[in-house]
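Participant: need the 3D shape of this:
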Amino acid sequence: MTGVLGEGVRLMLAGMGVVFVLLTLLVLAVKGMSRLALAVGPPALVPDAPAAPGVEGSGTALIAAITAAVAAYRRDAR
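Facilitator: Numbers count the residues shown, from 1 in each chain. Purely as a prediction, here's the structure:
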């Protein structure tokens, strides 16, 4: 039984080692791609989009519509 248990522990450690090495390589690859992307060009700035017409703040009609939708979902989900 000790031989099988020892073999299992060695296999577990080998698997964990392989996963650790592959995840480390993945992190390094992502960091490298990020640096490469920043070196190619700066990130584009997205201009602020104007608010949708008719949606301003938290109007009572909007709150009532959201409340009704949640109530209908909860009623139908049962």
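
Participant: please make it C-alpha for all contacts and neighbour counts, starting now.
Facilitator: OK.

Participant: tell me which residues are up against stretch 33-49.
Facilitator: Taking contacts as CA atoms under 8 Å, 6 or more residues apart in numbering, no residue outside stretch 33-49 touches it.

Participant: just the C-alphas of it, formatted as CSV.
Facilitator: Provided in CSV are the C-alpha atoms of stretch 33-49 (Å, rounded to 0.1, in the frame of the first residue of the first chain):
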residue,chain,number,x,y,z
MET,A,33,1.1,40.8,-25.1
SER,A,34,-0.1,43.7,-23.0
ARG,A,35,3.2,45.4,-23.2
LEU,A,36,3.4,44.7,-27.0
ALA,A,37,-0.1,46.2,-27.5
LEU,A,38,0.8,49.3,-25.5
ALA,A,39,4.1,49.7,-27.5
VAL,A,40,2.2,49.5,-30.8
GLY,A,41,-0.1,52.3,-29.9
PRO,A,42,-1.8,54.0,-27.0
PRO,A,43,-5.3,52.9,-26.1
ALA,A,44,-8.0,54.7,-28.0
LEU,A,45,-10.1,57.1,-25.9
VAL,A,46,-13.8,56.6,-26.3
PRO,A,47,-15.7,59.9,-26.3
ASP,A,48,-18.5,60.2,-23.8
ALA,A,49,-21.8,59.2,-25.5
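
Participant: run the chain-centre distance for the worst-scoring helix or strand of the chain on mean pLDDT.
Facilitator: The least trusted helix or strand in the chain, going by mean pLDDT, DSSP states H and E, turns out to be helix 60-77, with a mean of 89. Mean-position distance between helix 60-77 and its chain equals 28 Å (CA atoms, centre = their mean, to the nearest Å).
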